[in-house]
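Asks: got a sequence here, can you build the structure:
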Amino acid sequence: MSSRTLSSFKTISSAWVLLAWLLGMGASVDAASSTLSNREAVIPPQCYTRTEGEHNPCYICHQSHPAGTRVNVMDDGDIQGAYSFSEIGETNQWSNLFKPRHQEIQSVSDERILEYVGEDNYQPLTQLASAGYVPDLEHYANPEQAFDSQGFAKDGSGWVAFNYKPLPSTFWPTNGSFDDVIIRLPPSFRQFDNNKENRSLYLLNLSLVEMAIKDLDQISIPVTDENVFSVDLNGDGVLGEASTLKRRDFYLGAAADVPLLRQQYPAGTEFLHSVRYLDVSDSGEVVAAPRFKELRYARKLKVHTEQALKFLYNQEHREKEEERLPKYSWAKPAGEAGLNNKMGWIVQGWIEDEQGALRRQSYEENFYCMGCHTSIGTTIDQTFAFPRKVTGAAGWGYIDLKGMIDAPNLGESEGEILTYFRRVGGGDEFRQNLEILERWFGPDGRVRAAQVRAADVHTLLTPSRDRALELNKAYRQIVLEQSFHLGRDAVLGQPVNVYEHVQQDSAPVLPLNRQFHYDIRLVWPSSNSIESDQLKLAPPIPEVTTTANDNQSSNGGAAVGLWWLIFTAVAWLLSGRNPGRKPAEYER
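Replies: Residues are numbered from 1 along each chain as shown. Here you go, the predicted model:
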């Protein structure tokens, strides 16, 4: 930890210490009452990859950003260059990674696994008796029944689906699962003051949330009659039809007293996230299955000031520096309402029992989710998917990877997937996905860049029928064993690029030129005429032929980070704007 950070700790008042205790400890049942077999379950299996000093998947999660540009100040980009584990964390306790599954996979017929994944195990949850959240979306297993073309739930529950790009690479279908994420705002964001619900109003408020999360000054919206709201939405000085929404200080309708806060969702925001098996359609296409592996739920309980969040992130830093083991407490009622992440959210999950029915996760199974939704630098208000939504009007609707371009990340010039292939040397953290290596890498280890650029996201990330069925069968064995506490990643073959135990004083680490800046947000093509100012921040970089093992990447390392900083400063000087705010919608 830097002396500057240590100094900041010393200047925190006792009032802030009391506040942190109330937020993180006093409001929930003591976590010590729950049993853990892995006290470092917040360290995911992917963190045990053998980087060998050159293969870097770590940049996706562990990030430091230019000062003032993020409310998330976890500032953990330096972890890319080291295995920063506690003594307990040095041992990889995810032993399912190393368990051979070949015979078990061969014992299950294709017909049986297809029958299994084709079953709906979600709908019974809607009848669950619980004092916590009860899933309340009808027909979620079959999205065509659940959502209309704009993503709105047909049952009137207020859930809205959005189209986004899956995060590299655990949530890529080729690595085992299809998933989706849906959002719901509180009733006041869907209603006028007379409690009358209005779809256009709800969509405007959802768009304002998107602007807050992505730091946009304007965004495209479906054509909207401003006279309905008596509000000049596009800022042109007259009331008429608007296809652009300008950023506002407050939300609309009954939520007009709720301020837009930079990179934060309003209190009461909810997310549902389904993690699904891989199915095969009648035409032989690999698609998302009706059967869920998991259902995950998050609700924002409280909005913190940026100053309070800075303290909470600094507290996380201090605990890690002191090698204090993580603790999270049940929200009330204990065991039914999920875990409190100490940052204003509760996180709750369901997972399959031995028979395949979804059950509430145990404390340790919930604990597994907390590291990624609390203490890494890449997230925006603890979330991954919504910041990656296709920006503006085009992004409302159930997730659809067909035709989706490999959009670059903010500050990059090449597609995110191509960049990941180059930086990692494979299609997953362990470089274990042989199908990706065969499809998109040449025999010399070089990425087939032209072919990757020409493909859409669906083509890049969807596995073959054979691979999909083998992944299903491997994961089903974990379900039958109920051994999620030993890892829930289906791995085909014997992993060779993962540590069983990390010797921190001798394990090769990533040098500075193999550590990368990464912004989780993406630069999407424009759905209207708004030009992307953000695209101008990073000049096109001449194509450099690289191999998966090359230390020079056409997108990578300190050089890109330096270009990004230089052009950010130039853009700020020319525009006179606050560099902590993105000046316009990054569409083109």
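Asks: which non-adjacent residue is nearest the residue minimising distance to the centre of the chain?
Replies: The residue lying closest to the centre of the chain (Cα atoms, centre = their mean) is residue 384, at 2.3 Å. With Cβ to Cβ, 6 or more residues apart in numbering as the criterion, residue 384 has its nearest non-adjacent residue at 5.2 Å, and that residue is residue 167. Backbone N, C-alpha and C define where each C-beta goes, glycine included.
Asks: and the nearest residue to residue 125 once chain neighbours are set aside, how many neighbours?
Replies: Closest residue to residue 125 apart from its sequence neighbours, by Cβ to Cβ, 6+ apart: residue 135 at 4.4 Å. A total of 21 residues lie near residue 135 under the criterion other Cβ atoms under 10 Å.
Asks: and for residue 100?
Replies: Residue crowding around residue 100 was assessed by other Cβ under 10 Å; the count is 10.
Asks: how about it, phi and psi?
Replies: Here is the backbone geometry of residue 100 (degrees, to the nearest 10): phi -70, psi 130.
Asks: measure it to residue 493 for me?
Replies: Relative to residue 493, residue 100 is positioned 9 Å away (Cβ to Cβ, to the nearest Å).
Asks: which positions in stretch 264-279 come out as buried?
Replies: Residues of stretch 264-279 classed as buried: 264-266, 268-279 (neighbour count, 16 or more other Cβ atoms under 10 Å).
Asks: residue ranges with poor pLDDT in the stretch 401-550 of the chain?
Replies: Scanning the stretch 401-550 of the chain for pLDDT under 70 picks out 527-550.
Asks: quick one, helices of it?
Replies: 416-424, 434-440, 449-454, 457-461, 465-481 (DSSP state H, counting those that start in this stretch).
Asks: with the chain instead?
Replies: Secondary structure of the chain, counting by DSSP state H: helices at 3-10, 14-21, 102-106, 110-117, 143-146, 199-214, 306-321, 363-367, 416-424, 434-440, 449-454, 457-461, 465-481, 557-575.
Asks: so what touches the shortest one?
Replies: The set of residues that contact helix 143-146 without belonging to it, under Cβ atoms under 8 Å, 6 or more residues apart in numbering, is 137-140, 153-155, 161, 180, 288, 398.
Asks: so which of these are in strands?
Replies: 161, 180, 288 (DSSP state E).
Asks: from the buried residues of stretch 264-279, which is closest to residue 346?
Replies: Among those, residue 270 lies closest to residue 346 (Cβ to Cβ), at 10.1 Å.
Asks: quick one on the thing from earlier: the residue nearest to the centre of the chain contacts residue 165, doesn't it?
Replies: No: Residue 384 lies out of contact with residue 165 (Cβ atoms under 8 Å); the separation is 10.5 Å.
Asks: coming back round to it: of the contacts of helix 143-146, closest to residue 241?
Replies: Nearest to residue 241, judged by Cβ to Cβ, of the contacts of helix 143-146 is residue 161 at 25.6 Å.
Asks: doesn't residue 151 make contact with residue 396?
Replies: Yes: using Cβ under 8 Å, residue 396 is in contact with residue 151, at 4.6 Å.
Asks: residue contacts, the residue lying closest to residue 399 once chain neighbours are set aside?
Replies: Spatially, and ignoring its direct neighbours in sequence, residue 399 is nearest to residue 180 (4.8 Å; Cβ to Cβ, 6+ apart). Shown here is residue 180, whose contacts under the criterion Cβ under 8 Å, 6+ apart are 143, 161, 273-274, 276, 288, 398-399.
Asks: and residue 263, how many neighbours?
Replies: 19.
Asks: 17 is where my numbering starts, stick with that
Replies: Okay, using 17 as the starting number, the last item reads as residue 279.
Asks: so how far is residue 451 from it?
Replies: Separation of residue 279 from residue 451 (Cβ to Cβ): 37 Å.
Asks: please apply the same query to residue 434.
Replies: Residue 434 sits at a distance of 17 Å from residue 451 (criterion: Cβ to Cβ).
Asks: so these two - more neighbours on which side?
Replies: Ranked by neighbour count (other Cβ under 10 Å), residue 434 and residue 451 place residue 434 first, with 23 against 14.
Asks: what's opposite residue 355 in the beta bridge?
Replies: Listed by DSSP bridges, the beta-bridge partners for residue 355 are residue 346, residue 363.
Asks: show me the contacts for the closest residue to residue 447 other than its chain neighbours.
Replies: Leaving aside its chain neighbours, residue 447 sits nearest to residue 513 (5.0 Å; criterion: Cβ to Cβ, 6+ apart). Applying Cβ under 8 Å, 6+ apart, we find residue 513 in contact with 65-66, 68, 71, 446-448.
Asks: got it, and residue 289?
Replies: Counted by Cβ under 8 Å, 6+ apart, residue 289 has contacts 195-198, 310-314, 401.
Asks: just the closest of these to residue 274, please.
Replies: Using Cβ to Cβ, those come closest to residue 274 at residue 314, 19.1 Å.
Asks: one step back: just the buried ones from the contacts of helix 159-162, in ChimeraX syntax?
Replies: In ChimeraX syntax, the buried subset of the contacts of helix 159-162 is picked out as below (16+ other Cβ under 10 Å):
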select :153,154,155,156,169,177,196,304,414
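Asks: farthest-separated two in the contacts of helix 159-162?
Replies: Maximum pairwise distance among the contacts of helix 159-162 (Cβ to Cβ): 19.6 Å, between 171 and 304.
Asks: which residue comes closest to the residue lying farthest from the centre of the chain once chain neighbours are left out?
Replies: Centroid-distance maximum for the chain: residue 254 at 39.0 Å, with Cα atoms, centre = their mean. Of all residues beyond its chain neighbours, the one nearest residue 254 is residue 248 (7.1 Å), with distances taken as Cβ to Cβ, 6+ apart.
Asks: can you report how many residues lie near the one you found?
Replies: Neighbourhood size, residue 248 [other Cβ under 10 Å]: 14.
Asks: residues contacting residue 194?
Replies: Counting by Cβ under 8 Å, 6+ apart, residue 194 touches 292-294, 303-305.
Asks: on that earlier part again, just the ones in strands among the contacts of helix 159-162 now: which is nearest residue 91?
Replies: Of all those, residue 196 has the smallest distance to residue 91: 30.9 Å, by Cβ to Cβ.
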